[in-house]
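Student: just need the structure, nothing else, for what follows:
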Amino acid sequence: MGRRIINRHPGKGSALFWGALPFLAVLALYVIFSALRLAENPNDKLLPAFSTIADTIIRLAFTADSRSGQILLWADTLSSLTRLGLGLLVSTLLGLLLGVGTGLIPYVRAGLSPFVAVLSLIPPMAVLPILFIVFGLDELSKVVLIVIGIAPFLVRDLAMRVEAIPTELVIKAQTLGAGTWQIIVRLVLPTVWPKLLDSVRLSLGPAWLFLISAEAIAAQDGLGYRIFLVRRYLAMDVILPYVAWITLLAFCMDWLLRAANRRFCPWLERGAS
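Tutor: Residues are numbered from 1 along each chain as shown. Next comes the predicted model:
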């Protein structure tokens with residue numbers, strides 16, 4: 001039985017190698033095809049050389065723009081992260097408040113559950129023009145798009161987590177004299193908090209998607225705005241670093257949320273060990 005591949009586990013060094021292998025393969029393929037295209041056409045823009053990309057990164061990240069006087073990469077990053085952070089914060093608060101209320105209190109469940117279910121089925125991008133009309137083209141419409149896109153998912157997911165709490169625990173808490181608020185603080189929140197952070201982690205991808213889409217349509221700065229601004233010039237030396245930077249930012253946010261789960265919910269680690 002021990003010889004079967006499903007029973008073999010890589011060591012730390014081996015796991016690092018296998019994890020890095022797909023990235024190295026993609027980089028190798030890029031280098032090969034870039035060299036082939038540039039050999040045929042030195043002015044090819046589709047797969048620029050790494051030297052060209054490096055020069056562009058230096059210009060975007062360390063040189064002030066002649067028109068605005070800003071360093072574009074950091075100015076765009078600050079604008080996008082501000083919008084994304086506000087959208088995630090509001091969505092998380094709504095998910096926590098409405099999710100706990102919907103999952104625990106029958107009257108709230110009867111009143112909100114159908115509405116949230118219908119709201120979660122509306123494609124957020126379909127209402128983007130409505131948001132621009134109602135809230136204008138400034139920051140609010142972009143934040144509201146993120147909230148509409150991920151808050152219903154957080155509410156429904158957290159409500160299901162609350163409903164999954166064994167009824168016996170709730171009954172025992174009431175038998176011991178706990179009120180509704182005490183049940184929420186001492187039983188529900190410690191139980192669902194890790195699930196909330198995991199749900200926010202799963203929402204990072206859609207949140208970035210909604211942000212980039214909104215910035216591409218109506219914005220004066222931001223990572224999505226810059227990508228769609230230069231696409232008409234086929235400036236892949238700008239687009240590729242921006243896409244890689246967005247991916248790195250999303251990875252760091254995911255890592256921070258996982259670290260927060262380990263920090264504030266240490267019982268998860270003990271339960272898994």
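Student: flag every buried residue along stretch 100-111.
Tutor: By neighbour count on 16 or more other Cβ atoms under 10 Å, the buried set for stretch 100-111 is Val100, Gly101, Thr102, Gly103, Leu104, Val108, Arg109. Just so you know, the C-beta spots here come from the backbone N, C-alpha and C atoms, and that holds for glycine as well.
Student: how far does it stretch from one end to the other?
Tutor: 14 Å (Cα to Cα, to the nearest Å).
Student: circling back: could you export the buried residues of stretch 100-111 to TSV, including columns for pLDDT, secondary structure and distance to Pro10?
Tutor: Output for the buried residues of stretch 100-111, formatted as TSV (pLDDT from 0 to 100; DSSP: H, G, I helix; E, B strand; the rest coil; distance: Cβ to Cβ, whole Å):
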residue	pLDDT	secondary structure	distance to Pro10
Val100	90	helix	40
Gly101	89	helix	45
Thr102	91	helix	42
Gly103	88	helix	39
Leu104	87	helix	43
Val108	87	helix	47
Arg109	89	helix	46
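Student: now for the closest residue to Leu234 other than its chain neighbours, how many residues are close by?
Tutor: Distance criterion Cβ to Cβ, 6 or more residues apart in numbering; nearest residue to Leu234, sequence neighbours excluded, is Lys45 at 4.4 Å. Residues contacting Lys45 under the criterion other Cβ atoms under 10 Å number 13.
Student: returning to that earlier point: which among the buried residues of stretch 100-111 gets closest to Val118?
Tutor: Thr102 (13.7 Å; Cβ to Cβ).
Student: thought that closest one was touching Leu112?
Tutor: Yes. Under the criterion of Cβ atoms under 8 Å, Thr102 makes contact with Leu112 at 5.2 Å.
Student: so what sits against both of these two?
Tutor: Shared contacts of Thr102 and Leu112 (Cβ atoms under 8 Å, 6 or more residues apart in numbering): Val155.
Student: so where is this protein shaky, pLDDT-wise?
Tutor: For the chain, applying pLDDT under 70 flags the ranges 1-2, 266-273.
Student: centre-most residue in this protein?
Tutor: Geometric centre of the chain, nearest residue: Leu204, 1.2 Å, by Cα atoms, centre = their mean.
Student: name the helix or strand for Leu21, please.
Tutor: Assigned by DSSP states H and E, Leu21 belongs to helix 12-40.
Student: helices of the stretch 51-200 of the chain, residue ranges please.
Tutor: Secondary structure of the stretch 51-200 of the chain (DSSP state H, counting those that start in this stretch): helices located at 72-104, 106-120, 128-135, 139-163, 167-175, 180-183, 189-217.
Student: now do the second one: distance to the chain's middle.
Tutor: Right, the one you point to is helix 106-120. In terms of Cα atoms, centre = their mean, to the nearest Å, the centre of helix 106-120 is found 25 Å from the chain centre.
Student: packing partners of that helix?
Tutor: Helix 106-120 is packed against helix 72-104, helix 139-163, with contacts defined by 3 or more Cβ pairs under 8 Å, 6 or more residues apart in numbering; DSSP states H and E.
Student: and the angle for the shortest one with helix 72-104?
Tutor: I take that to be helix 139-163. For helix 139-163 against helix 72-104, the angle by axes from the mean of the first three to the mean of the last three Cα atoms, to 10 degrees is 40 degrees.
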